[in-house]
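Engineer: can you look at this prediction? I've put the sequence above it.
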Amino acid sequence: MRVFHRIDELERAIGTHLGYSDWQTISQERIDAFADATGDHQWIHVDPARAAQSRFGSTIAHGYLTLSLVPLFLNQIYRVEGTTMAVNYGANRVRYPSPVPVGSRLRGGVELLGLEPTASGQRLTSRVTIDREGGDKPACVAEVLSLLVL
């Protein structure tokens, strides 16, 4: 866990990779719960028998399920003190280079790309790369924005 005690410490870290989160297992229960929460019950996610006959050989996690792990990963990698809150401000770019079969283990890595002052604080741009254990390509690469309210 990297802790930034002040914004100027965070600013000096722009351009650096901060490290990796813990591994998270993507179970069928997690996929099913995400399907229930979002209403996305496409068979490739929730029908193990049918998905076993697909080119993936099993169910796969929703892309947005993979993306939804970004806050968990960020919270394990770094913290910025001296702010009243940090909120999700959006994403500039999100890609899913490879699928996430059920049972996969994922972890996130973060690189700080930029920090811009705003009326209420600082807008932080980070690249989060979500790796699948044993995979040759990332499961997700997202450029995410966080608003750090001072």
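Structural biologist: That came in fine, so what should we check first?

Engineer: mind exporting stretch 79-95 as CSV, just the C-alpha atoms?
Structural biologist: Extracted in CSV, the C-alpha atoms of stretch 79-95 (Å, rounded to 0.1, in the frame of the first residue of the first chain):
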residue,chain,number,x,y,z
ARG,A,79,-4.3,6.0,-0.6
VAL,A,80,-4.2,9.8,-0.6
GLU,A,81,-4.5,11.5,2.8
GLY,A,82,-5.6,15.0,3.3
THR,A,83,-8.7,14.8,1.1
THR,A,84,-12.3,14.9,2.3
MET,A,85,-13.3,12.3,-0.3
ALA,A,86,-12.3,10.7,-3.6
VAL,A,87,-15.1,10.0,-6.1
ASN,A,88,-15.2,8.2,-9.5
TYR,A,89,-15.2,10.9,-12.2
GLY,A,90,-15.4,8.5,-15.2
ALA,A,91,-13.2,6.8,-17.7
ASN,A,92,-11.5,8.1,-20.9
ARG,A,93,-10.9,4.7,-22.4
VAL,A,94,-11.7,1.1,-21.6
ARG,A,95,-10.7,-2.0,-23.5
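
Engineer: buried ones in that stretch?
Structural biologist: V80, T83, A86, V94 (16 or more other Cβ atoms under 10 Å). C-betas here are computed from N, CA, C, even on glycine.

Engineer: most widely separated two among these?
Structural biologist: T83 and V94 (24.7 Å; Cβ to Cβ).

Engineer: follow-up on the earlier one: put together TSV for the buried residues of stretch 79-95, with secondary structure, pLDDT and distance to A35 on each row.
Structural biologist: Converted to TSV, the buried residues of stretch 79-95 look like this (DSSP: H, G, I helix; E, B strand; the rest coil; pLDDT from 0 to 100; distance: Cβ to Cβ, whole Å):
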residue	secondary structure	pLDDT	distance to A35
V80	strand	97	34
T83	coil	93	34
A86	strand	95	29
V94	strand	98	19
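
Engineer: thanks a lot, catch you later.
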